[in-house]
Structure formats: structure tokens, C-alpha cells
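Participant: turn this into a model:
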Amino acid sequence: MKRELENLVFQMHTAGVPYAEAVREFKKRFILEVLARHRGNQCKAAEELGMHRNTLSRTLAELDMDTAQIKKGLRRPPRSVRPAAPGLQIVANGR
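Facilitator: Numbers count the residues shown, from 1 in each chain. Sure thing, here's the model as predicted:
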């Protein structure tokens, strides 16, 4: 993992990505990953990140991350859109 991070930093530096932008993108991706793991629950995500929930909320605002969109993206699709579970068949008239 360390090697991958070193390669990414090298690529970003070579491409001329400013430090502030690189840090901002890292924060966004890291926080999004933790939020996804906790299905948008900011209290649990903040605990895992080692910060207060209010600090997480402020950080999300600073990064222009819309928490409603994050939660919406983590919701299950309606039943009409979900694929049927493998091995289950819908049988008409109980046959």
C-alpha cells in the first residue's frame, strides 16, 4: 500500500497537482470510504476517523460534500429496480 501511495504522489506531483488540491481530494475519498462503510452514519464514521461528529460535519461542508447525496447514493434501489436474488424465482399462481 505504501508503494501505491508513493506512486500516486509521484504522479500527482509530476502532473502539477497543487498540494492543497491533493490534500482536499485525499480527504474527500478517505471520508467517503468511511461514510460508505457506515452507510452514511456520521456519528459512527466520525468515531472511526477519530474526530468529533461536529468536526466531521464541518469538514464535509468545507469539502462541499452533500451529505444528503452521500446517503442517497448509499440507499438500496427500490424493489422494482433490484435484480432478483440468485436461486429465487417468482412463481405465478403458486406453481
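Participant: could you pull out the buried residues of the longest helix along the chain?
Facilitator: With DSSP state H applied, the helix covering the greatest number of residues in the chain is identified as helix 19-37. Along helix 19-37, these residues count as buried under the neighbour rule (16 or more other Cβ atoms under 10 Å): 31-32, 34-35. (C-beta placed from N, C-alpha, C; glycine too.)
Participant: ok, residues contacting that helix?
Facilitator: With contact meaning Cβ atoms under 8 Å, 6 or more residues apart in numbering, helix 19-37 is reached by 9, 12, 41-42, 45, 48-49, 56, 59-60, 63, 65, 70, 74.
Participant: recalculate using a threshold of 6 Å.
Facilitator: Surrounding helix 19-37, the residues in contact under the criterion Cβ atoms under 6 Å, 6 or more residues apart in numbering are 12, 45, 48-49, 63, 70.
Participant: same list, the buried residues of helix 19-37, but as TSV with distance to Pro18 please.
Facilitator: Supplementary listing: the buried residues of helix 19-37 in TSV, determined by distance: Cβ to Cβ, whole Å:
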residue	distance to Pro18
Ile31	20
Leu32	21
Val34	25
Leu35	25
